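Colleague: I'd like to go over a predicted model; first the sequence, then the structure.
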Amino acid sequence: MPVAESVFKELFEKEYNNLCRYALTYLQDSQWAEDVVQETFVKFWEQKKELISSPEAKFYLVTAVRNNSLTALRRQKSAGIQFVEETPETDHEPFITMRQVREDASEQSKKIAEALNTLPPKCKEVFLLVKLHGMSYKQAAETLEISIKTVENQMGKAIKTLRDYARSVMTVFLMMLLTKNIFWE
């Protein structure tokens, strides 16, 4: 396997899942997110081979996935398309299947996306670049063309907002649990 192909394969394997989660925060549909990421990698291979070995490859892919996700959303909105998840009814199986594992993972992804959607758009973008893609504050600032101080402020805001969201969700959950226990006794 030529060097470029092996480096590309390594980059794909390392970044694919993170990029899919990143796209999911925009698109709210895991299959759609995967499609966008796959298309991004194909275009990257076809048009940007010179960047494959570059340290900027990851930043390019993050930016491309963001742009492609936003473009896909604009196209969907202008076409008036709405995606509907249909789940066929099945019998309950006595053991955990791969389908159940995928559904659980999908449900967890939706909950994370729901929490992230409580963030303002720029704040969310900074948080995802730093936490999901492992960028330093400096790298995130360069990618988004903002100051490091702005990244620091947005990260502080994101953490506070997510912490408050988690507290409110836990409070509701505990109240439901306590109420349920009172009525059951």
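Modeller: Nice, thanks for sending it over.
Colleague: Got the domain ranges for the protein?
Modeller: Dividing the chain into domains by automatic domain parsing, as the record does, gives the ranges 1-79+97-117, 120-185.
Colleague: Dump those into CSV; add mean pLDDT and mean neighbour count as well.
Modeller: Using the backbone N, CA and C atoms, a C-beta is placed for each residue, glycine as well. Output for the domains of the chain, formatted as CSV (pLDDT from 0 to 100; neighbours: other C-beta atoms under 10 Å):
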stretch, mean pLDDT, mean neighbour count
domain 1-79+97-117, 82, 15
domain 120-185, 82, 15
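Colleague: Without its sequence neighbours, what residue ends up closest to residue 135?
Modeller: Setting aside the residues directly before and after it, residue 135 is nearest to residue 129 in space (C-beta to C-beta, 6 or more residues apart in numbering), at 4.8 Å.
Colleague: In contact with the one you found, which residues?
Modeller: If you count contacts by C-beta atoms under 8 Å, 6 or more residues apart in numbering, residue 129 has them with 62, 135, 139, 140, 143, 144.
Colleague: please redo it, this time with the cut-off set to 10 Å
Modeller: Contacts here follow C-beta atoms under 10 Å, 6 or more residues apart in numbering; on that basis residue 129 touches 22, 59, 62-63, 66, 135-137, 139-141, 143-144, 151, 154-155.
Colleague: residue ranges of the helices in this protein, please?
Modeller: 3-27, 30-47, 57-79, 98-116, 121-127, 137-144, 148-184 (DSSP state H).
Colleague: Mind listing residues that contact the fifth one?
Modeller: Meaning helix 121-127. Helix 121-127 is contacted by residues 22, 25-26, 62, 66, 116-120, 135, 137, 140-141, 143-144, 146, 150-162 when judged by C-beta under 10 Å, 6+ apart.
Colleague: now with 7 Å?
Modeller: With contact meaning C-beta atoms under 7 Å, 6 or more residues apart in numbering, helix 121-127 is reached by 25, 116, 119, 140, 144, 151, 154, 155, 157, 158.
Colleague: Among these, which one lies nearest to residue 75?
Modeller: Each of these was checked against residue 75 using C-beta to C-beta; the closest is residue 25, at 18.0 Å.
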